[in-house]
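Novice: predicted structure and sequence below. I'll ask about it afterward.
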Amino acid sequence: MSSNQFSPTKEDKFAFGVWCLQNRGRDPFGDQTRPELPALECIKGLAQRNCYGFEFHDNDIIPFGASTAQREQILRDVKKAIGDWGIKATMATTNTFYHPVFKDGAFTSTDPAVRLYTTQKVMRAIDVAADLGTQLFVFWGGREGVEVDASKDPVEATKWFRESMNFLCNYVLSQGYDIKFSIEPKPNEPRGDLYLPTVGSVLAFIATLDHPEMVGINPETAHIKMAGLNPYHEFAQALDAGKLFDVHLNGQKPLRFDQDLTYGSDDLKEAFFTAKLLVDHKYPGTIGFDAHPYRSESDPWDFVDRNMRTYKIMQAKVRQFNENKEIQDILKDIHGASANLRGFTAQFSKESAQKLKDMTFEPEKLATRKLPYERLDQLLTELLLGVL
Ligand code: GCO
Ligand code: MN
C-alpha cells in the first residue's frame, strides 16, 4: 500500500462541519486554547485538501443578529468561495441551542413564542441552504429535552416537535426547494435527557410525520456510544429503513460526556465496521466528520487530514477483508448452513405455514455446529494490526 493512495479525492465525498474547524478548544473547565478561524478560511482549507464539501450552521457563517445587508454580503462571499475553490455546501443546519432564548428548548419550549421564533430561524436557514445549493438540512435538537421531568409532558413536547417539522416540510415544498431533512439523534448533552435519543426513536418519529419521505436520519458515532450502543448496528438500522441520508463519523469512549474524538482514534474495530457498512452497501451520501481537534492543537489541519486518511485506510482494510481467502471461506461456511431452507419464510401461504409446522428439526444436532469465531475475530485483529 503506497501512502499516496490514502490522499483524499473529491470522489471520496468527504465533508466537515465548519463548526468543527472553528472549535476553539473551550470546555466546561477551561477557556479557549486557539483562535476561532473565519468560516471562509475553514472552507478554503477544506477545498485545498480535496474535501468534497462543508457543513454549516446558519451562525457558523452568518453571525446571530446580522443585518440583511451583512447577511447578503456574506452569502455573496460564500458563493464566490464555493465557485472559486470548487467545494460544495453539502449540509446546512440551524443553531437552535447557543442563544439563551433556547435555554428550555427550541421546538419543544413551553413558550409558543420560542417555538415560533425557532421555526422562523429555521425557515431563514433553509432559504440560505437553498441559495447555496445545499440539498440536505439537518435537525439536531441540542436543547430539546429536560433536566426536570416535572416541567413538561414528553408526549406534548413530541407533538410540538412534530408540528414544527410538518410545518417546515410544507415550507420546503411550497418554495419548490430541492431539500431533504435529516434528524440527528443524541441521548443527552447539553440537556440532561434529550428527546429522540437514538436511531430507533427517530425512525418511529419520522413515521408519524406528514411527509415521512422527506425526512431521514443523520446518525453520529459519538452519540450512539454515549448511549452505550453499537454504531455499526445503529447506522445499519437507518440504512435498512432507507433513511441513512447522511452520517457523522467520529470517535467516543462509551457512556461519557460528548468527546467528539477523531474517527478511528479510540476504537479501530468500530471504525472498521462503520466503514464496512458504508462500503458494502454502497452508501451514496457524503462522509461527514463531526469531531473536534484535541484542545492541545493550535490549528485544525492535522485533525482534518487524519480523519480522511484513517477513513481511506479503513476502506482499504474493508476491501482486504472482503478479499481475504481464509476470512471469506469461514464466512461462506457459516452462511452456507442448511442452504435448502433459505428464504422459506420470505413469502407466506397457508400451505407453507402447514409445511413448517410439520417439519422435523434436530435441535441437538443443530446445536453442535462449529462456529470458528475466535479464529475469525483474530483474522480481523491481525488484518487491522497489519500483519495479515
Ligand atoms: C453535537 C452535535 C452537533 C450537530 C450539529 C449539526 O455536538 O452534539 O454533533 O455538532 O451535529 O449541531 O446539527
Ligand atoms: Mn453531529
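Specialist: Now that the structure is in, tell me what you want to look at. Ligands and ions are numbered 1, 2, ... in the order given.
Novice: so how many other residues sit close to the nearest residue to Leu255 once chain neighbours are set aside?
Specialist: Excluding the flanking residues, the one nearest Leu255 by Cβ to Cβ, 6 or more residues apart in numbering is Gly228, at 5.2 Å. In short, each C-beta sits where N, CA and C put it, glycine included. By other Cβ atoms under 10 Å, 9 other residues sit near Gly228.
Novice: how far away is Leu385 from ligand 1?
Specialist: Leu385 sits at a distance of 30 Å from ligand 1 (criterion: Cβ to the nearest ligand atom, to the nearest Å).
Novice: tell me the contacts of that residue?
Specialist: Not one residue lies near Leu385 by Cβ atoms under 8 Å, 6 or more residues apart in numbering.
Novice: what's it sitting at in phi/psi?
Specialist: phi -80, psi 0 (degrees, to the nearest 10).
Novice: skipping adjacent residues, who's closest to Glu326 in space?
Specialist: Leu379 (6.1 Å).
Novice: mind listing what that neighbour touches?
Specialist: Contacts for Leu379 (Cβ under 8 Å, 6+ apart) come out as 324, 326-327, 330, 388.
Novice: farthest pair within the residues you listed?
Specialist: For those, the farthest-apart pair by Cβ to Cβ is Ile330 and Leu388; their separation is 13.3 Å.
Novice: related to what we said a few turns ago, can you turn the buried part of the contacts of Leu379 into a PyMOL selection?
Specialist: A single PyMOL command selects the buried members of the contacts of Leu379 (16 or more other Cβ atoms under 10 Å):
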select buried, resi 324+327+330+388
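Novice: avg pLDDT for stretch 233-247?
Specialist: The pLDDT scores in stretch 233-247 average 98.
Novice: residues contacting that stretch, please?
Specialist: Stretch 233-247 is contacted by residues 90-91, 136, 138, 180, 182, 198-200, 202-203, 206, 215-220, 224, 274, 277-278, 281, 283, 285-288 when judged by Cβ under 8 Å, 6+ apart.
Novice: can you tell me which of the residues you listed are classed as buried?
Specialist: Among the contacts of stretch 233-247, those classed as buried by neighbour count (16+ other Cβ under 10 Å) are 90-91, 136, 138, 180, 182, 198-200, 202-203, 206, 215-220, 224, 274, 277-278, 283, 285-288.
Novice: now stretch 262-280: how far from the chain's centre is it?
Specialist: In this view, stretch 262-280 has its centroid 13 Å away from the chain centroid, taken as Cα atoms, centre = their mean, to the nearest Å.
Novice: what's the mean pLDDT across it?
Specialist: Stretch 262-280 carries an average pLDDT of 98.
Novice: where does pLDDT dip in the stretch 1-150 of the chain?
Specialist: Within the stretch 1-150 of the chain, the stretches with pLDDT under 70 are 1-2.
Novice: how about 90 then?
Specialist: Low-confidence segments of the stretch 1-150 of the chain (pLDDT under 90): 1-4.
Novice: can you show me the helices along it?
Specialist: 18-22, 39-48, 58-61, 68-85, 112-131 (DSSP state H, counting those that start in this stretch).
Novice: Cys169 reaches Asp210, doesn't it?
Specialist: Yes: contact criterion Cβ atoms under 8 Å: Cys169 and Asp210 qualify, at 6.2 Å.
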